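> could you look at this predicted model? Sequence included:
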Amino acid sequence: QVQLVESGGGLVQAGGSLRLSCTASKRSFSNYAMGWFRQAPGKEREFVVSIRWIGGSTYYADFVKGRFTISRDYAKNTMYLQMNSLKPEDTAVYYCGVRYDSTWPATEFTSWGRGTQVTVSS
């Protein structure tokens, strides 16, 4: 099973940007999807975005369209989430996840990392 490690979280002012990274422990050519979800204190887990590792198709939650961009670097086994125009309501722990089947769009994941905190101040 692939191990995932997130990084890049932090504190930023509203309107600012952050780039999260998620590095996978090994390369797999399986037809799986990876992505991000988040969870704010006292709230349900919330899907953010996913990407098919092979092909690069993407699927975004409506509330991040036009602000967040997912990408992956095949050679580095790393996925990125560029977050622009951040809002206080984006404050949450962001988790990187992977799904080991061909379900698409992938809005739920089979396994995930420990998460990285993103805090947006007003």
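Yes, it's here. Since the structure is predicted, the reported quantities are computational estimates derived from the model, not experimental observations.
> grab the nearest non-local neighbour of the residue nearest in space to the middle of the chain.
The residue lying closest to the centre of the chain (C-alpha atoms, centre = their mean) is W36, at 2.5 Å. Once flanking residues are discounted, W36 sits nearest to V48: 4.3 Å by C-beta to C-beta, 6 or more residues apart in numbering. C-beta: built from backbone N, CA, C; applies to glycine.
> circling back: what about the residue nearest to the centre of the chain, helix or strand, and which?
Using DSSP states H and E, W36 sits in strand 33-39.
> related to what we said a few turns ago, and the residue nearest to the centre of the chain, what does it touch?
20, 22, 48-50, 70, 81, 94-97 (C-beta atoms under 8 Å, 6 or more residues apart in numbering).
> any idea which of those is closest to S111?
G97 (6.8 Å; C-beta to C-beta).
> wait, that closest one touches F109, no?
Yes. Checked against C-beta atoms under 8 Å, the pair G97 and F109 is within contact range at 2.8 Å.
> who's more crowded, the two?
The neighbour comparison of G97 against F109 (other C-beta atoms under 10 Å) goes to G97, with 25 against 22.
> and E89, backbone torsions?
Dihedral angles of E89 (phi, psi; degrees, to the nearest 10) stand at phi -70, psi -10.
> contact partners for it?
By C-beta under 8 Å, 6+ apart, the neighbours of E89 are V120.
> do S17 as well
Here S17 is in contact with 82-86 (C-beta under 8 Å, 6+ apart).
> what do you get if the cut-off is 7 Å, keeping everything else the same?
By C-beta atoms under 7 Å, 6 or more residues apart in numbering, the contact list for S17 reads 83-84, 86.
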